[in-house]
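> Only the shape, not the letters, is given here:
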């Protein structure tokens, strides 16, 4: 794992707990007299309910907000990956993408599983065992598809860079550069050498 993945795994563990405690838990207020639900809708607005049951409309809004939250988080993570790993060797960046995929999939699964449990408890109003769990297959698939889509897009860009780097000529050592220069300019160097010899010959005759 790269430093980015190690930091991401720790961060998303904290983020999962925060979402469960600060967003999902507030929905239980629907079952408490005199309490209201007031949570982020993740589109610039708020969700506010009070004194009503968790019916079909409320459930739909609940899951739409969760879908938006996960979509935003997935895009945010890949955007940060692109910036934070820019200095990594390209081969390391490519292997890092698989790690980011895995960590995000685990995060999505944990969020959705806790959301299903919250949905069931709120609908059951204290008797969740009498309520059929919400089918979150579509929500899970949507989030996983977005993870895969972004991972493949970034992988393609990294592969393109690897191909370009492989096509570049190898960096020559100082000795090799000198040898290459001498080999490529042999004729000119010969003329220069003759010219120098002539000059020295003339000087020798004058001095003599």
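That came through fine. Quantities reported herein were computed from a predicted structural model and do not represent experimental measurements. Residues are numbered from 1 along each chain as shown.

> packing partners for the lengthiest helix in the chain?
Across the chain, the longest stretch assigned as helix under DSSP state H is helix 90-124. If you count contacts as 3 or more Cβ pairs under 8 Å, 6 or more residues apart in numbering; DSSP states H and E, helix 90-124 packs onto helix 3-19, helix 56-84, helix 137-167. Any C-beta I mention is one placed from the backbone N, CA and C, and that applies to glycine too.

> Now do it and helix 56-84, the angle between them.
160 degrees (axes from the mean of the first three to the mean of the last three Cα atoms, to 10 degrees).

> Residue ranges of each domain in the chain, please.
Following automatic domain parsing, the chain resolves into domains at 3-167, 174-207.

> show me what contacts residue 39?
23, 26-27, 46-47, 65 (Cβ atoms under 8 Å, 6 or more residues apart in numbering).

> Show me the residues you listed that map onto helices.
For the contacts of residue 39, the ones inside helices are residue 65, with DSSP H as the criterion.

> Selecting buried members of the contacts of residue 39 in PyMOL, what would you type?
In PyMOL, a selection of the buried entries from the contacts of residue 39 looks like this (16 or more other Cβ atoms under 10 Å):
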select buried, resi 23+26+27+47+65
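
> where in this protein is pLDDT low?
For the chain, applying pLDDT under 70 flags the ranges 169-208.

> of all the contacts of residue 39, which two lie farthest apart?
27 and 46 (13.5 Å; Cβ to Cβ).

> still on that earlier bit, between the contacts of residue 39, which sits nearest residue 13?
residue 23 (16.1 Å).

> Could you report the neighbour count for residue 84?
Neighbours of residue 84 under the rule other Cβ atoms under 10 Å: 15.

> Make 848 the first number, not 1, from now on.
With 848 as the first residue, the last one maps to residue 931.

> how close does it sit to residue 941?
Counting by Cβ to Cβ, to the nearest Å, the gap from residue 931 to residue 941 is 15 Å.

> Now residue 932. Its backbone dihedrals?
phi -100, psi 10 (degrees, to the nearest 10).

> Of all residues in this structure, which one is nearest the centre?
residue 925 (2.4 Å; Cα atoms, centre = their mean).

> Contacts only, for that residue.
Taking Cβ under 8 Å, 6+ apart as the contact definition, residue 925 lies against 947, 997-998, 1001.

> Mind picking the one among these that's closest to residue 964?
When these are compared against residue 964 (criterion: Cβ to Cβ), the nearest one is residue 947, at 26.4 Å.

> That closest one touches residue 853, doesn't it?
No. Assessed by Cβ atoms under 8 Å, residue 947 is found out of contact with residue 853, at 11.4 Å.

> Pick out whichever of those two has more residues nearby.
residue 947 (24 against 12).

> contacting residues for that one?
Residue 947 touches 851-852, 855, 924-925, 928, 998, counting by Cβ under 8 Å, 6+ apart.
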